[in-house]
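Engineer: Mind folding the following:
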Amino acid sequence: MRYRTEAEMLKVTKDRASKEVKEASARVEAAEKRAQDAEMPLVKSTEENSHLLGINEVLTSEMKVLKARLVNAEVFEEGARAALKDTEERMASL
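Structural biologist: This next block holds a predicted model:
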């Protein structure tokens, strides 16, 4: 009888342990699922940021080219104004 009682106690203990293991496993699976769900937006955000950085680099490069063209246009405009002034002065002296 004593061994039966011990066996029953061990079975109850084993059943409780199994139940706790199953619950812990379910919590781990739920946590992993939440982690995966959180990871997807992060991956998409990272991809979008990478794309936007590429666009930013292209736009920065284009801005440098346009600034250089502006400087050239300003230099050309100064030369044209000087030539126009010279031409007007020559025409006035005729």
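
Engineer: what bits of this protein have low per-residue confidence?
Structural biologist: 2-3 (pLDDT under 70).

Engineer: What segments of it are helices?
Structural biologist: Per DSSP state H, the chain carries helices over the ranges 2-93.

Engineer: Ala80 - how many residues pack around it?
Structural biologist: 10 (other CB atoms under 10 Å). Where you see a C-beta, it was placed from the backbone N, CA and C, and this is true even at glycine.

Engineer: swap in Asp15?
Structural biologist: 10.

Engineer: and if you look at the one 5 residues further on?
Structural biologist: Other residues within reach of Glu20 by the criterion other CB under 10 Å amount to 10.

Engineer: Repeat that for the one 10 residues further on.
Structural biologist: A total of 10 residues lie near Ala30 under the criterion other CB under 10 Å.

Engineer: Val21 versus that one, what's the distance?
Structural biologist: Going from Ala30 to Val21 by CB to CB, to the nearest Å gives 15 Å.

Engineer: now swap in Ser50 and tell me
Structural biologist: Relative to Val21, and taking CB to CB, Ser50 is found at 42 Å.

Engineer: Great, nothing more from me.
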